[in-house]
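Engineer: fold the following, please.
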Amino acid sequence: MITWAVKKFEELTPAELYAILRLRSEVFVVEQHCVFLDMDNKDQSCYHLMGNQDGNLVAYTRLVPPGISYKEPSIGRVVTSTSVRGSGAGKLLMKKSIEEAERLFGKVSVKIGAQFYLKKFYNSLGFEQSSEMYDEDGIDHIEMIRR
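Structural biologist: You can find the predicted model right below:
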C-alpha cells in the first residue's frame with residue numbers, strides 16, 4: 001500500500017529531499033541515460049507529492065504553480081521506482097497528482113511536458129496533445145493539457 005504526502009519545499013525534511021533527488025536521478029539520469037541538470041531552481045516554488053511504501057519513496061511528482069513552467073499549473077518530474085512499475089502505481093500517482101493540483105490551484109487546466117512515448121498513458125487520464133513534438137535532453141517530448 002502506498003501512503004501519500006504533499007509538502008511545500010520548505011516543509012521537506014533533509015531525508016525526504018534526498019529520497020526525491022535520488023529517485024529522480026535513478027530514473028531520469030541513470031535509467032534513461034540522460035545527462036541534464038535536474039535541479040532547475042523550480043523545486044523551491046513547488047509542492048512535492050510523495051508516495052511511500054514500506055518506508056521507501058516509490059512514486060513522486062512535482063506540482064508546479066501557474067506562471068512557473070507554463071501559465072497553467074503543471075505536474076512534472078513524474079517518476080516511479082522500478083519496484084512498483086507494472087502495478088498501476090503510475091496511474092495512481094497521476095490521479096493523486098491531478099486531485100492535489102485541483103485542491104491547490106483550483107479546477108483549472110493543467111499543462112504538462114510529457115515524454116512522447118507516454119502519450120497514450122496521459123490520454124487515458126484526460127490529457128490532450130497541445131504542441132508539436134520537440135527534443136528535450138535527447139528525448140522526444142510533447143506538451144499536453146487537461147482541461
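
Engineer: other SSEs contacting the helix or strand hosting residue 50?
Structural biologist: Element membership of residue 50, judged by DSSP states H and E, is strand 47-53. The contact analysis (3 or more C-beta pairs under 8 Å, 6 or more residues apart in numbering; DSSP states H and E) places strand 47-53 against strand 3-8, helix 14-24, strand 56-64, helix 89-105. (C-beta placed from N, C-alpha, C; glycine too.)

Engineer: list the buried residues for the last one?
Structural biologist: Read that as helix 89-105. For helix 89-105, burial by neighbour count (16 or more other C-beta atoms under 10 Å) applies to 89-90, 92-94, 96-98, 100-101, 105.

Engineer: what's the spacing between it and its chain's center?
Structural biologist: Centre-to-centre, helix 89-105 and its host chain are 9 Å apart (C-alpha atoms, centre = their mean, to the nearest Å).

Engineer: tell me the angle it makes with strand 47-53.
Structural biologist: For helix 89-105 against strand 47-53, the angle by axes from the mean of the first three to the mean of the last three C-alpha atoms, to 10 degrees is 150 degrees.

Engineer: could you give the mean pLDDT of helix 89-105?
Structural biologist: The average pLDDT for helix 89-105 rounds to 97.

Engineer: give me the contact list for that helix.
Structural biologist: Residues from elsewhere that reach helix 89-105, judged by C-beta atoms under 8 Å, 6 or more residues apart in numbering: 2, 4, 6, 47, 49, 51, 58-61, 63, 65-66, 73, 75, 78, 80, 110, 121-122, 124-126, 146.

Engineer: model confidence over the helix or strand just after it, on average?
Structural biologist: The helix or strand immediately downstream of helix 89-105 is strand 110-115, counting by DSSP H and E. Averaging pLDDT along strand 110-115 gives 96.

Engineer: and the angle from strand 110-115 to helix 89-105?
Structural biologist: Relative orientation of strand 110-115 versus helix 89-105 (the same axes, to 10 degrees): 150 degrees.

Engineer: residues in contact with the next helix or strand after strand 110-115?
Structural biologist: Sequence order places helix 119-123 as the next helix or strand after strand 110-115, per DSSP H and E. The contact list for helix 119-123 (C-beta under 8 Å, 6+ apart) reads 90-91, 94, 112, 114, 129, 142, 144.
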